[in-house]
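# sharing a model that was predicted from the sequence below.
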Number of protein chains: 2
Amino acid sequence: MKIIRTVEEMSNISGQCLQNNQIIGFVPTMGYLHEGHLTLMRRAKEENNIVVASVFVNPLQFGPNEDYDAYPRDLQRDERLAKSVGVDYLFCPTVQEMYPDEMTVEIKVKKRVDVLCGRKRVGHFDGVATVLVKLFSIIRPHHVYFGLKDAQQVAVVDGLIKDLNLPITLRPVKTVREEDGLAKSSRNVNLTEAERQEAPFLYQSLVEAKERIFAGERDPDVIIAGIKQFLQNKVNGKIDYVEIYSYPELKPQTRLTGKIIIAIAVQFSKARLIDNIILELKGGM
Amino acid sequence: MKIIRTVEEMSNISGQCLQNNQIIGFVPTMGYLHEGHLTLMRRAKEENNIVVASVFVNPLQFGPNEDYDAYPRDLQRDERLAKSVGVDYLFCPTVQEMYPDEMTVEIKVKKRVDVLCGRKRVGHFDGVATVLVKLFSIIRPHHVYFGLKDAQQVAVVDGLIKDLNLPITLRPVKTVREEDGLAKSSRNVNLTEAERQEAPFLYQSLVEAKERIFAGERDPDVIIAGIKQFLQNKVNGKIDYVEIYSYPELKPQTRLTGKIIIAIAVQFSKARLIDNIILELKGGM
C-alpha cells in the first residue's frame, strides 16, 4: 500500500490507472478507522482492480460548535488497518493541500438535509458534498462506498451524484451489527455496561416497527409512537428523534409507501447512538 | 457531425473516446452561434482529437427578470455552423434531460461574482457553474474553451475548476475584434449607424488606459477617470461601469500590480456593449 500526500501525485496515479482501463473503487473516510470502514474497503477490494481510501478530517463539514481539532486522529493505526484489507493507495492530504486558497465556490445541498441528524448540523452536508466533489475529481473512481449507518449521508451523496451527473456509481453498504443487533460504532465503547445491555433495543425497536408495517400498518405516526413507547420501556437513554421518510428523498409521508427509512437517535450518558432500517413497500397496499 | 440529445448517449460516447485515450475539447454554448463561438471551436479542433460543443439554454442562469423564453434559438443554423468548423458531436439536450428532477444540490459561487456584470445578476453564476459541472461530468473533456470577452465568466470557471480540482484545463480565448477594434458580438447589429461609428472608441479607451499604465501610472482611480472622460467625449451611450481589478481574483487594488483587468460596459439605445483588456504588470514598479 502506498501513502499519497499530495493532490498532484494522487491525480497522476488515478490518471495512469484510468489510461490502463483499471476500475477504481474509493472509500472516503475521516480516519480513525473502525470495522465499518474496513467492511467498505473489503467490499471495494472485491469489486475493483484498484482501491483508494482517503483519510482527511475535512474542516468544511464541522460547524462552529463542533470541535474540528478534537476529532480523533491516528494515522499510523489507519495505515496498518487499511493495508490489512488490501487498500492500494491511502490518500492523506493536509488541509493546506486540499484548500490552498480561499474557496471561490461551494456545493450547497438544498434538499434531504433539514431532517434527522442534519436538522441540527446546518451547513454540515455542504462541507461534505464540497470535499467529496474534490476527492471524486482527484481520484475519479468508478465506484464509491458509503455505509448505510449514516443513511442521510448516503441520501445526500445519491442526490449529489445524480444531479451533477457525476460518472460514479454509489455503492451503499449495509450496516454491520454485533451479534445482538447493535450497529457497530466507535461510540459504543462510550456506553456504560448497563447501557450496553440496553443498546440492542434500538435495533429491536426498528425490527418491531418493520413487523407492524409488514403486517399492514401504513400510518407513520402510529409506527413512530410505537417505537417511542418501545424505547421508553426498554432504555434509559433519551430519545433524540424517531422519524420516517421516503428514501432517499427524505420527504415525510402521510401513508407509508415505496422505499422508506425509519431512523432513530438516542442519547445515552456519554454516547449518542443512531440506527435505521430501509424498507421497500409494495405500492397500493 | 453527430447530434446527441440524451445525457446517456453523450456520456457513453465520451466514455468510449476516453477508453481509446482520445483528447476531448469542449465548447459549451447557449446556441445562436456567432463568430466568437466558432473561434473557440476552431481552436478546440486544433488542440484535440474530438471536439464536443453543447447548445443548451440553461434556465438556471436566468434571473427572475431575465427572459429565458425570449432567448434567441436557431438550432438548424447552429448545426450547420458547428459542422462547418469540424465539431464532432453537438450535444443538444432538453431541459427535461438536464434537469429531470428537482435539484438537491447547486454550485454556489461565493467570490468573483459581485463585480462587473455579475453585480446586477445575483445567482447568475451559480446557474452557470452548476450546469458546467454537469456538462463537464457528462462530457469529461480535457480542455474547455471560453472567450475572454466575458472575462468574469472565465474568472468564475477558473475558480470552479481549481477549487473543485476538476481534471480539466481551461483555455481562455482572446476576444475577436472587427478591423476597427470593436469586439465582435451578436449585439452589434442592434447599434444604430451612428452608434456603430462610435463603438470602436470602447476598445480605444482601453488601449489608451493601457498606454498610461505602461507609461507608469498605477493609480486605478486615475485610470478609471481617464477612461470615463474619454468615453464621455467620444460616445453618446451611457457608461454602465468602468472597473479595474486583479485577475482572475477580481479584487480591487489601491495600486495596480500583477495581472489586472480593465473592464467597461456602455449602454447604447438598443445594445449594451462590454469590453475588457487584461494586462500583466511587472511587480514593484
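Nice, thanks for sending it over.

# CA atoms for contacts and neighbours, from now on please.
Fine.

# hmm, who's touching stretch A:222-236?
A:195, A:198-199, A:201-202, A:205-206, A:208-209, A:212-213, A:217, A:239, A:242-244, A:268 (Cα atoms under 8 Å, 6 or more residues apart in numbering or on different chains).

# and the residues you listed, which of them are in strands?
Mapping these onto strands (DSSP state E) picks out A:239, A:242-244.

# reformat these as TSV; add pLDDT, distance to chain B and neighbour count.
Shown next, in TSV, are the ones in strands among the contacts of stretch A:222-236 (pLDDT from 0 to 100; distance: Cα to the nearest Cα, whole Å; neighbours: other Cα atoms under 10 Å in any protein chain shown):
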residue	pLDDT	distance to chain B	neighbour count
A:Ile239	97	29	17
A:Val242	98	23	20
A:Glu243	98	20	20
A:Ile244	98	19	25
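
# distance-wise, check A:Asn165 relative to B:Met103.
11 Å (Cα to Cα, to the nearest Å).

# higher neighbour count, the two?
Set A:Asn165 next to B:Met103 and count neighbours by other Cα atoms under 10 Å in any protein chain shown: A:Asn165 wins out with 21 against 15.

# thought that one was touching B:Ile138?
Yes: assessed by Cα atoms under 8 Å, A:Asn165 is found in contact with B:Ile138 at 6.2 Å.

# near chain B, which residues of the stretch 151-285 of chain A show up?
With Cα under 8 Å from any Cα of the partner chain as the criterion, the stretch 151-285 of chain A comes near chain B at residues A:156, A:159-160, A:163-167.

# would you format the residues you listed as TSV with secondary structure and distance to B:Gln76 included?
Output for those, formatted as TSV (DSSP: H, G, I helix; E, B strand; the rest coil; distance: Cα to Cα, whole Å):
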residue	secondary structure	distance to B:Gln76
A:Val156	helix	39
A:Gly159	helix	34
A:Leu160	helix	34
A:Asp163	helix	29
A:Leu164	coil	28
A:Asn165	coil	27
A:Leu166	coil	30
A:Pro167	coil	30
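
# and the closest residue to A:Ala44 other than its chain neighbours, which of the three is it?
Spatial nearest neighbour of A:Ala44, chain neighbours left out: A:Gly25 (5.4 Å); criterion: Cα to Cα, 6 or more residues apart in numbering or on different chains. At A:Gly25 the chain is in strand, as set by DSSP: H, G, I helix; E, B strand; the rest coil.

# any idea how many residues pack against A:Gly25?
Quick note: A:Gly25 (other Cα under 10 Å) scores 29 neighbours.

# the one 5 residues further on now?
As a burial measure, the neighbour count of A:Met30 was computed by other Cα under 10 Å and equals 15.

# give the contact list for it.
A:Met30 neighbours (Cα under 8 Å, 6+ apart): A:54-58.

# which one of those sits closest to B:Ser11?
Nearest to B:Ser11 out of these is A:Ser54 (Cα to Cα; 26.9 Å).

# per-residue confidence for that closest one?
Model confidence at A:Ser54, expressed as pLDDT, equals 98.

# one more: the one 10 residues further on?
On the pLDDT scale, A:Pro64 is placed at 86.

# skipping its backbone neighbours, what lies nearest the residue in the stretch 151-285 of chain A that chain B sits nearest to in space?
Going by Cα to the nearest Cα, chain B is nearest to A:Leu164 of the stretch 151-285 of chain A, at 4.7 Å. Nearest residue to A:Leu164, sequence neighbours excluded (Cα to Cα, 6+ apart): B:Lys134, at 4.7 Å.

# what segments of the stretch 151-285 of chain A are helices?
A:151-163, A:193-198, A:200-214, A:220-234 (DSSP state H, counting those that start in this stretch).

# turn these into TSV, columns for mean pLDDT.
Formatted as TSV, the helices of the stretch 151-285 of chain A follow (pLDDT from 0 to 100):
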stretch	mean pLDDT
helix A:151-163	98
helix A:193-198	96
helix A:200-214	97
helix A:220-234	98
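
# which of these sits closest to B:Ile107?
helix A:151-163 (10.6 Å).

# export the closest one to CSV, keeping only CA atoms.
Extracted in CSV, the C-alpha atoms of helix A:151-163 (Å, rounded to 0.1, in the frame of the first residue of the first chain):
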residue,chain,number,x,y,z
ALA,A,151,-28.2,6.8,5.7
GLN,A,152,-28.7,10.6,5.4
GLN,A,153,-25.2,11.0,4.1
VAL,A,154,-25.9,8.2,1.6
ALA,A,155,-29.1,10.1,0.5
VAL,A,156,-27.1,13.3,0.1
VAL,A,157,-24.4,11.6,-1.9
ASP,A,158,-27.0,9.9,-4.1
GLY,A,159,-28.5,13.3,-4.9
LEU,A,160,-25.1,14.8,-5.5
ILE,A,161,-24.0,12.1,-8.0
LYS,A,162,-27.3,12.1,-9.9
ASP,A,163,-27.9,15.8,-10.0
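
# list the helices and strands that helix packs on?
In this structure, helix A:151-163 packs against helix A:124-139, strand A:169-173, strand B:105-109, with contacts taken as 3 or more Cα pairs under 8 Å, 6 or more residues apart in numbering or on different chains; DSSP states H and E.

# same for the longest one, what does it pack against?
Okay, so that is helix A:124-139. Using 3+ Cα pairs under 8 Å, 6+ apart, helix A:124-139 sits against helix A:7-19, strand A:105-109, helix A:151-163.

# for these, which one sits closest to B:Ile277?
strand A:105-109 (24.9 Å).

# still on that earlier bit, any idea of the pLDDT on the residue of the stretch 151-285 of chain A closest to chain B?
For A:Leu164, pLDDT reads 98.

# cool, and A:Gly283?
So, for A:Gly283, pLDDT stands at 61.

# what does A:Tyr71 give?
Value for A:Tyr71, per-residue pLDDT: 88.

# OK, contacts around it?
A:Val57.

# am I right that A:Ala183 is in contact with A:Lys174?
No: using Cα under 8 Å, A:Ala183 is not in contact with A:Lys174; the gap is 10.2 Å.

# OK, contacts around A:Ala183?
The contact partners of A:Ala183, taken as Cα under 8 Å, 6+ apart, are A:149, A:175-177, A:203, A:275.

# relative to A:Val222, how far out is it?
25 Å.

# again, but for A:Asn21
In terms of Cα to Cα, A:Asn21 sits 52 Å off from A:Val222.

# and the nearest residue to A:Asp74 once chain neighbours are set aside, what element?
In space, and not counting its chain neighbours, A:Asp74 is closest to A:Tyr32: 5.8 Å by Cα to Cα, 6+ apart. Per DSSP states H and E: A:Tyr32 is located in neither a helix nor a strand.
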